[in-house]
Every structure is written in C-alpha cells, then in structure tokens.
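[1] Need a 3D model of the sequence below.
(4 chains)
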Protein chains: 2
Amino acid sequence: MQSETIENYLKTIYHLSSGNSAIVNNKQLADKLHVIPATVTEAVKKLHDLKLVVYEKSYGTRLTSAGSKMALTIVRRHRIWETYLANELGFGWDEVHEIAEELEHIKNDKLIKKLSEKLGHPNFDPHGDPIPDEKGKIQKSNFIKLSEAKPKGAYKVMGVTDHSTAFLKYLEKHQLIIGAGIIIKTIEEFDNSIILVCQKKEVSISPKAAECIIVEML
Amino acid sequence: MQSETIENYLKTIYHLSSGNSAIVNNKQLADKLHVIPATVTEAVKKLHDLKLVVYEKSYGTRLTSAGSKMALTIVRRHRIWETYLANELGFGWDEVHEIAEELEHIKNDKLIKKLSEKLGHPNFDPHGDPIPDEKGKIQKSNFIKLSEAKPKGAYKVMGVTDHSTAFLKYLEKHQLIIGAGIIIKTIEEFDNSIILVCQKKEVSISPKAAECIIVEML
DNA sequence: TTATTATTTTTGGCGTACCAAAAAAATAAT
DNA sequence: ATTATTTTTTTGGTACGCCAAAAATAATAA
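    Below you'll find the model as predicted:
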C-alpha cells in the first residue's frame, strides 16, 4: 500500500493546489498525469477511501492532512534528490528533474536523511524551489523565479539557476546583473515575455530565461 | 516494457544459475521471489516470449544472451549502488543490500556512470562481489568468501567485509589473521560450519562468520 | 432560457501480476 | 515396478491501473 501511482496522484494534487489544499479538478489531473479523466475519477475515489483526499462528486478533490503530509514527503524526496544530483554528482539543473521523478519513490527515510546531511540540510533545490523538512514544514522566502513575478511588482535580481555561458551572455546583453532592482511593466499576452525596467532601460525577457532568474520580492 | 518484475526474475535466474546460464527450476525461483510456483510458470512463459530466457516445459529455464545481458546490468546497478551507499553515504555493509534492491530499478545509464566515476570505477562491492562493467564483463578474481570455499582447498585470508569490533574479536580468538594460510578440512553436514586448519591448529568457523571472510584461492 | 460546449461519470474491457486448488508430470523411495 | 513425494502446470479468480465509448452533469454562450 502506497504505490507509485498513489504517490504521483498526491504529488500532483499538491502541486495543482499550490500547497493550499485548494480544490483540484479531474481534467487538470488527467492532463498532468497523462491519463484520461475516467481514470482520474477511479483514482480519486480510491484515494478518498484511503482518507488521503476529500473527493466530492462532480466538484473536485483536495488533500486531507494525511494526504498533504504524504505529498510533502514525496516533494521533499524529489527536491533532495534534485539537489544531490546537481551538487554532488555534477548533473545539470535541467537534467535532475527527470531522474528525481524516479528516485522520489524510493522509500527509505534514512537514505533521505543521509543525503540531506551530506548537502548540509539545504532549504532550496537547484530550481530555487523550497525543500520541506522532515516534518513537512516549508521555509518560505521572498525568492521566486522571475517567471512567477507579477506586473507592477518591484524585485531584485538575486541569482540564476543556469550557469551556462550562453545564458550569462544573454543576461549581460540585457543588463540584468545580480543585485539590480527591476520593475515588471507587463507580461505579453502572446508569448508570456516579461517586459521590465532595469537600470532605467526597458527590456524584454523570454519565458525560458525568466525560468532561470531568481528574484527577491521587495 | 522491462518492468521491475521482469528485472527481478532475470536477476534471480542469473544468481541461481551462478552466472553460467545453467538451468533453474520453478521451485527455486518461487522461493527466492516469494511467489507460488504457478506464478513462476506464467512469468517464465512470458520471459520466453520476450526471448529473454529459454523455457522448456517441466524442465527448466535458462537465460538467453539478451536476458543475461539485461541481468548483468541489473546486477551492476545493484552493486554500484551498494558500494556508493557504503563508501559515499556512510551506510553499514549490512544495510546497503535492502536499499539497493530498490535503487537497482532506476533506469538511467548516466546516473550509474556518474556513481561509478565518483567511486573510481570499483570492481568489487562492499560484500566482495564483483561489479560487472558497462559491457557486462566481470572481472574474475581468486577472491571468494570463505563460505564458498571447498573441502581440501588451500586458501589465504585476505580481508573481511564486516569491521565491527565483535567480529574482529571473533577472528582473533580463532587465530584467523590477515595473510594466514588455511586448509579446509570438512564442512559440517549439520550446520555448515567450516572446519579448517590455520596456524597448525584446527578451528571451526560458523557459516555466518564465513560469509564475512574473504580468502584467496591458492 | 435554451443551446452548445466542456467536464465528469458510468459501463464494459484489457494487460500485468498475483493466488488457491486441482490435475498432470517428473523424481525418488521401497 | 509400483507407490509415494515433489515439482510443475492448468484452471478459475482477484486487485490494480489503465482505456474507449456512451451517458450524465455542469458551465458557458447565444
């Protein structure tokens, strides 16, 4: 009991409800999990029986506290592994997710403890996402990805999650240097490009680049 | 395709045929895999269809070269992980097997490559068992566990796989010191104790202890 | 409000991996 | 060689996780 399938459902519900146990619908789940909605209906019924979610017919699903707790341990395992793969084994930040998708299902508390220890108990993974601690507590911070920033907001560039020379050249060209203050003007409807003001100049940042820039909310 | 179940069958067939693609019977497999023989019959039929084994009704099963190749990659993954857990993460040699049973099913060649690299491409795992290389080639050595030694054989004590003080005391008491030459007299029918001559004295070694003593065949 | 579209659920089915019990075959013992 | 024992296979059945197609429900637009 507590199959990989169940773990993937819980994790996905967690992500879709943005950690708030908000209601998630079947279509969203079906899309993320690459199954058809009928399959989701079956699954959430079972999760309900297991008291891991509250499922209301034709309405939606949300995590129970038991389900949320379990989801957080999956997320923790995933992010610890991502960090380990990147920091200790030299994988690129773009490679780690896929491998961690498999490794997150290894059920051994001591293993995760050892990995975390070796890493110095990090609070954030290579993508800048927070790593829940053993109790599921998440250290919240003002650091977000530029891609998550909102129009009219003021931010400060704090770091990057891609260290390739191509990307660093890109930043230089757009005058986005660490420590620079920025203000978001708009986000393009068409392609989600971010139009922002930095160093008094207006620049346009692609969504792909925005994924790799960490900013602090001011 | 290439489920965990299939991997476990191939690995188990490999072990039971001691790497020689010798014939294995259903009962043995059923015992090792903790399923009933009927389940094994079904499974080996399917493996046969996949051309991973040759299964002859009411006779037995042996690996094909494709099956053997696949088995060797599982064994490699298992032993690389065992070594990594022991050498890099500080797990005891008695803890690593169980965790490696799960980790061995992670399918990512680059991951194993990185682990092996970090370990300096070891040829033997913490139990003294050989680690197949990427091509499945096994470095054979004259080193075996004392538990695998045969009566009348001459050996030299080369090392141990347990470093607990309790075990080292045991060795001292029995006068088995590294470098000492030994000759196996007999193996007790009753409990598999090994009666051997070492330093001109006859001693009896329990099967459990014999598992932890590495000897060289002379 | 009614029609249209989107989402959800029901129903019937499939493959994998297992089991129990009974029948068949092979092996060992007398 | 005949019985007894062990091993293997067959048969019928279960749980899980999935799909396709049809029916029911909800949401949106006209």
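[2] what comes up buried for the helix or strand containing A:Lys27?
    Counting by DSSP states H and E, the element that carries A:Lys27 is helix A:26-33. For helix A:26-33, the neighbour count (16 or more other CB atoms under 10 Å in any protein chain shown) marks A:Asn26, A:Gln28, A:Leu29, A:Ala30, A:Lys32, A:Leu33 as buried. Just so you know, the C-beta spots here come from the backbone N, C-alpha and C atoms, and that holds for glycine as well.
[3] now for that helix, which elements pack on it?
    If you count contacts as 3 or more CB pairs under 8 Å, 6 or more residues apart in numbering or on different chains; DSSP states H and E, helix A:26-33 packs onto helix A:4-16, helix A:37-49, strand A:60-63.
[4] how about A:Asp49, what does it touch?
    Contacts for A:Asp49 (CB atoms under 8 Å, 6 or more residues apart in numbering or on different chains) come out as none.
[5] Quick check: which helices or strands does the worst-scoring helix or strand of chain A on mean pLDDT pack against?
    Ranked by mean pLDDT, DSSP states H and E, the weakest helix or strand in chain A is helix A:165-173, scoring a mean of 85. Helices and strands touching helix A:165-173, by 3+ CB pairs under 8 Å, 6+ apart, are strand A:154-160, helix A:207-210.
[6] Check A:Met1 and give its pLDDT.
    Turning to A:Met1, the model gives it a pLDDT of 63.
[7] Report the contact partners of A:Ile205.
    A:Leu146, A:His174, A:Leu176, A:Ser193, A:Ile194, A:Ile195, A:Leu196, A:Ile213.
[8] Can you pull the phi/psi pair for A:Gly19?
    phi 70, psi 10 (degrees, to the nearest 10).
[9] Do the helix holding A:Lys27 and DNA strand C come into contact?
    Yes. With CB under 7 Å from any atom of the strand as the criterion, DNA strand C is reached by helix A:26-33 at A:Asn26, A:Lys27, A:Ala30.
[10] just the buried members of the contacts of A:Ile205?
    Looks like the contacts of A:Ile205 have A:Leu146, A:His174, A:Leu176, A:Ser193, A:Ile194, A:Leu196, A:Ile213 buried, using 16+ other CB under 10 Å.
[11] Just send the residues you listed back as a markdown table, with secondary structure too.
    Shown next, in a markdown table, are the buried ones among the contacts of A:Ile205 (DSSP: H, G, I helix; E, B strand; the rest coil):
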| residue | secondary structure |
| --- | --- |
| A:Leu146 | helix |
| A:His174 | coil |
| A:Leu176 | coil |
| A:Ser193 | coil |
| A:Ile194 | strand |
| A:Leu196 | strand |
| A:Ile213 | strand |
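[12] Just give me the closest of those to DNA strand C.
    Set against DNA strand C, the nearest of the buried ones among the contacts of A:Ile205 by CB to the nearest atom of the strand is A:Ser193 (25.9 Å).
[13] From B:Lys135, how far off is the residue nearest the centre of chain A?
    In chain A, the residue lying closest to the centroid (CA atoms, centre = their mean) is A:Asp129, at 5.3 Å. Distance, A:Asp129 to B:Lys135, by CB to CB, to the nearest Å: 38 Å.
[14] again, but for A:Leu29
    Distance from A:Leu29 to B:Lys135, by CB to CB: 43 Å.
[15] same check, this time on A:His78
    In terms of CB to CB, A:His78 sits 32 Å off from B:Lys135.
[16] Those two: who's more crowded?
    A:His78 (24 against 9; other CB atoms under 10 Å in any protein chain shown).
[17] Are we agreed that that one is in a helix?
    Yes. When classified by three-state DSSP, A:His78 is found to be part of a helix.
[18] didn't it look like it was pressed against A:Glu104?
    Yes. The criterion here is CB atoms under 8 Å, and A:His78 meets it with A:Glu104 at 4.0 Å.
[19] hmm, back to that, relative to A:Ser116, which of the buried ones among the contacts of A:Ile205 is nearest.
    Nearest to A:Ser116 among the buried ones among the contacts of A:Ile205: A:Ile213, at 26.5 Å, using CB to CB.
[20] Good, we can wrap up now.
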